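Enquirer: Okay, predicted coordinates and the sequence, questions at the end:
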Amino acid sequence: MTLKPIDLTGGKSVYCFNEQQIASAHTLVFDDAKTAPRLQAELSRLEETYTRNERAALAFVLIDRLLNSAPAS
């Protein structure tokens, strides 16, 4: 049985995350006493409610909105 390769190129890259950004995100979601409980609860709810593609769509739109909005003061 021959498996058809999956094309991961999909076009031009738009966003790039560095290791520090990912580490900071993990800290907020898993380690920070104030934010972790709320974020973990929401993450669990999203993972139980939406498909992988739906979660990816939400993630991409959230990132795009963050990049296109002014930082909170």
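Expert: Cool, the structure landed. Predicted model only: the values in this text are computed from it and were never measured.

Enquirer: going forward, measure contacts between C-alpha atoms and count neighbours the same way
Expert: OK.

Enquirer: What count of nearby residues applies to residue 5?
Expert: Using other Cα atoms under 10 Å, residue 5 has 6 neighbouring residues.

Enquirer: which residues does it contact?
Expert: With Cα atoms under 8 Å, 6 or more residues apart in numbering as the criterion, no residue contacts residue 5.

Enquirer: In this structure, where is pLDDT below threshold?
Expert: 1, 6-10, 73 (pLDDT under 70).

Enquirer: In it, which residue is most central in space?
Expert: residue 59 (4.5 Å; Cα atoms, centre = their mean).

Enquirer: Can you tell me how far that residue is from residue 2?
Expert: Taking Cα to Cα, to the nearest Å as the measure, residue 59 falls 33 Å from residue 2.

Enquirer: go on, residue 18?
Expert: From residue 18 across to residue 2, the span is 36 Å (Cα to Cα).

Enquirer: got it, and residue 66?
Expert: Taking Cα to Cα, one finds residue 66 at 42 Å from residue 2.

Enquirer: Pick out whichever of the two has more residues nearby.
Expert: Neighbours were counted for residue 66 and for residue 2 using other Cα under 10 Å; residue 66 has more, 11 against 4.

Enquirer: From the contact counts, what lies against the host helix or strand of the more buried one?
Expert: Assessed by DSSP states H and E, residue 66 sits inside helix 52-67. Using 3 or more Cα pairs under 8 Å, 6 or more residues apart in numbering; DSSP states H and E, no helix or strand is in contact with helix 52-67.

Enquirer: Would you mind listing the outside residues contacting that helix?
Expert: Outside helix 52-67, the residues touching it (Cα under 8 Å, 6+ apart) are 46-47.

Enquirer: same thing but 10 Å
Expert: With contact meaning Cα atoms under 10 Å, 6 or more residues apart in numbering, helix 52-67 is reached by 14-15, 43, 46-47, 49-51, 68.

Enquirer: Just put these in TSV and tack on neighbour count.
Expert: Shown next, in TSV, are those (neighbours: other Cα atoms under 10 Å):
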residue	neighbour count
14	6
15	9
43	14
46	15
47	13
49	11
50	12
51	11
68	9
